[in-house]
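>>> below is the structure, and that's it, no one-letter string:
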């Protein structure tokens with residue numbers, strides 16, 4: 001008797017498609033936030049105090065963060081559910097070293113992208129007189145901050161999904177087929 005193929009293949013592929021879709025959505029929201037962020041024209045200065053109104057980039061940035069977090073959670077749940085990190089019991093796939101490097105890249109770029117998105121998004125919230133963004137001063141998001149976050153979003157989720165995909169592919173190559181002798 002041959003071993004049937006793992007039932008989780010469809011689930012893994014579905015999770016990869018969902019996480020890639022969410023990361024593309026997050027990428028597009030980051031690009032839209034880059035376009036809609038506050039500009040110098042929006043800054044009001046009375047000689048002593050500054051004021052910046054809220055921009056649409058604030059909502060777009062929050063939506064990008066939420067979809068980015070969901071994409072990262074889904075991409076990493078594939079690895080946590082179907083591969084071995086430390087213990088050899090109850091795991092379906094052994095994680096190759098390239099997958100470990102890819103997951104390290106994923107989490108590193110996730111940290112940088114999250115920091116950039118949170119800072120840029122919070123700067124696009126309303127900055128009233130005397131409060132500003134930090135110490136009563138108004139700050140504008142530098143050009144390219146959201147675009148850089150968008151690139152890091154794609155790097156993060158693609159490397160996490162590539163890690164899951166390489167784990168599954170390497171385990172399929174290493175499966176041993178059992179040959180049973182016919183009795184009788």
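Sure thing, it's come through. Predicted model, so just to flag it, every value in this text is computed and none were measured.

>>> run a quick neighbour tally on residue 73.
Around residue 73 there are 13 other residues, counting by other C-beta atoms under 10 Å. For the C-beta atoms, the positions are set from N, CA and C on the backbone; glycine is no exception.

>>> so it, which of the three states?
In three-state terms, and counting by DSSP: H, G, I helix; E, B strand; the rest coil, residue 73 is helix.

>>> quick one, what contacts it?
Counting by C-beta atoms under 8 Å, 6 or more residues apart in numbering, residue 73 makes contact with nothing.

>>> so it versus residue 146, what's the distance?
Note on residue 73: its distance to residue 146, by C-beta to C-beta, to the nearest Å, is 22 Å.

>>> swap in residue 76?
When distances are taken as C-beta to C-beta, residue 76 and residue 146 turn out to be 24 Å apart.

>>> what's the neighbour count on the residue nearest to residue 60 when sequence neighbours are not counted?
The shortest distance from residue 60 to any residue that is not its chain neighbour, by C-beta to C-beta, 6 or more residues apart in numbering, is 3.9 Å, and that residue is residue 33. Residue 33: 29 surrounding residues under other C-beta under 10 Å.

>>> residue 33 sits in which helix or strand?
Secondary-structure assignment from DSSP states H and E places residue 33 in helix 8-36.

>>> for that helix, name the packing helices and strands.
Using 3 or more C-beta pairs under 8 Å, 6 or more residues apart in numbering; DSSP states H and E as the contact criterion, the secondary-structure elements in contact with helix 8-36 are helix 56-82, helix 97-123, helix 145-173.

>>> at 7 Å instead, please
helix 56-82, helix 145-173 (3 or more C-beta pairs under 7 Å, 6 or more residues apart in numbering; DSSP states H and E).

>>> worst average pLDDT in those?
Confidence, taken as mean pLDDT, is least for helix 145-173 of those (a mean of 82).

>>> what angle separates that helix from helix 56-82?
Going by axes from the mean of the first three to the mean of the last three C-alpha atoms, to 10 degrees, helix 145-173 is angled at 10 degrees with respect to helix 56-82.

>>> for helix 145-173, buried residues please.
Neighbour-count burial for helix 145-173, counted by 16 or more other C-beta atoms under 10 Å, picks out 145-146, 148-150, 152-168, 170-171.

>>> nearest spatial neighbour of residue 110, skipping sequence neighbours?
The spatially closest residue to residue 110, leaving aside those adjacent along the chain, is residue 156, at 4.6 Å (C-beta to C-beta, 6+ apart).
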